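S.K.: Got a sequence here, can you model it:
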Amino acid sequence: MLGLLLLVGAVAAVAADVPAPSAAPPPPAESEPAAALPDLESPAPAGMVSSLIVTQLGECPIIISAPHGGTAKIPGVSLRKGVGLEKGPAGFFTGRDGGTEELAQEIATEIAAKTGKKPYLVVARFARTYTDANRPPEIAYEDPDAKPVYDEYHALLTQYCRDVKKKFGRGLLIDVHGQGQSAETIYRGTNNGNSVKLLRERFGEAAHTGDKSMFGLLAANGCTVYPTQPGVKEKEGLSGGYITKHYGSSGGFGIDSMQFEFGMKYRAEAARKDTAKKVTAAVAAFSDLYLTDKN
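M.R.: Below you'll find the predicted structure:
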C-alpha cells in the first residue's frame, strides 16, 4: 500500500495511507475520448482540492507526475468547451489517458520497494474535461472555479522541483501519459533534448539517446521504445508538453524532465505491475548513473 499525502496547500501536508487504485498533422497523443461528465450544482467546498490530487513527499531525486488519468468531477465547475482554441496535442483536447493515474502510483510503489526511497508524486484525480494541468493557464481552464485545482497541481510540482534541486542538486521529473498511436510503444518526450539539457551538458548526448539513456534502459528491460537511434527526432505531437517544458532544463528549476507516452499494452490493468517493474528497473539504473553524488 502506497503511503500518500493529500495536500490542501503547496506547503501543508497531511499523511494518509491510501490503497492502490484498483502527412497530415498527427492526432492528439491521448487515446480515449472524453466522457460526458455532468456538472454539479454547488461549488467545491473548502479542502476539496486535497481530494482531487494525490501527492507524496519524496526521498530521492525523482518526481512522477500524471495529469491526464483522472475521472473525478470538480464540483460546480463547467465543462471546457474549447471555443476558439486550437485543437490538438498542444491545444484543446479533453481525452483521458486511461490507466495513467493508476500506473503512476504503481511506479511510485515499485521505486520505493526497489530502492528503499519514495519518489515525489503528483497525480490528478480530476478529469481533464474541467482543467488540463498539462497546458499553460491561459488555455487550461475556462471556469474560474477550476483555477484553485490547476494552481495547486502546479504549486506542488514547483515545490517538489525546488526541493529536489535543494536536496540533491539534480533530479528528473517523469510526466506519465498515454498515447493511441502505437499500443506496444513507449514514446520519449524531451522536447527533442531541450528538457534534458542539463543531463546532456553533464554526461553527453549518449545519456539522452544511447544504450545507457533512460529509454535505452527501458529497451534493455523489454520495452519497445521510440526513438531508438541517436539523431532521430521524437514523434511529433508526443515530444513533450507544457509540464516537461516548464519544469525541465529549459524552465529554470535546475532539473531535467521527460515525458513517457505509454501505449495501451503498458497501461492496461493486467499489465501495469509488470510495466511498473520495468520502468523502475530503468529509473534505478538511470539514477545510479546520473543522479547520484558519485557522478
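
S.K.: Show me which residues of stretch 149-158 are buried.
M.R.: Across stretch 149-158, burial judged by 16 or more other Cβ atoms under 10 Å covers 149-157. (Glycine included, C-beta is placed from N, CA and C.)

S.K.: mind putting those in a markdown table, distance to Lys118 included?
M.R.: Shown next, in a markdown table, are the buried residues of stretch 149-158 (distance: Cβ to Cβ, whole Å):
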| residue | distance to Lys118 |
| --- | --- |
| Val149 | 24 |
| Tyr150 | 25 |
| Asp151 | 25 |
| Glu152 | 20 |
| Tyr153 | 19 |
| His154 | 21 |
| Ala155 | 20 |
| Leu156 | 15 |
| Leu157 | 16 |
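
S.K.: so how many other residues sit close to the spatially closest residue to Ala90 that is not a sequence neighbour?
M.R.: Using Cβ to Cβ, 6 or more residues apart in numbering and skipping the chain neighbours, the partner closest in space to Ala90 is Gly241 (6.9 Å). With neighbours defined by other Cβ atoms under 10 Å, the count for Gly241 comes to 25.

S.K.: ok now do Gly241, which residues does it touch?
M.R.: 89-90, 134-135, 175, 177, 189, 259 (Cβ atoms under 8 Å, 6 or more residues apart in numbering).

S.K.: export these to TSV and tack on pLDDT?
M.R.: Below are the contacts of Gly241 laid out as TSV (pLDDT from 0 to 100):
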residue	pLDDT
Pro89	82
Ala90	85
Asn134	98
Arg135	97
Asp175	98
His177	98
Gly189	98
Gln259	98
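
S.K.: Tell me which entries of those residues lie within helices.
M.R.: With DSSP state H as the criterion, helices contain none of the contacts of Gly241.

S.K.: Now flag whichever of these is closest to Lys118.
M.R.: Lys118 lies nearest to Asp175 out of the contacts of Gly241, by Cβ to Cβ, at 18.1 Å.

S.K.: Show me what that closest one is bridged to.
M.R.: With DSSP bridges as the criterion, Asp175 is bridged to Ser65, Gln259.

S.K.: measure it to Gly231 for me?
M.R.: Here Asp175 is placed at a distance of 24 Å from Gly231 (Cβ to Cβ, to the nearest Å).

S.K.: Please apply the same query to Cys161.
M.R.: For Cys161, the distance to Gly231 - Cβ to Cβ - is 29 Å.

S.K.: Neighbour count for the two, which is higher?
M.R.: Set Cys161 next to Gly231 and count neighbours by other Cβ under 10 Å: Cys161 wins out with 23 against 7.

S.K.: Provide the secondary structure category for the residue nearest to that one when sequence neighbours are not counted.
M.R.: Distances taken as Cβ to Cβ, 6+ apart put Phe253 closest to Cys161, at 4.2 Å, once the chain neighbours are dropped. Following DSSP: H, G, I helix; E, B strand; the rest coil, the label given to Phe253 is coil.

S.K.: Lys235 touches Ile186, doesn't it?
M.R.: No - if you go by Cβ atoms under 8 Å, Lys235 and Ile186 don't touch, sitting 10.9 Å apart.
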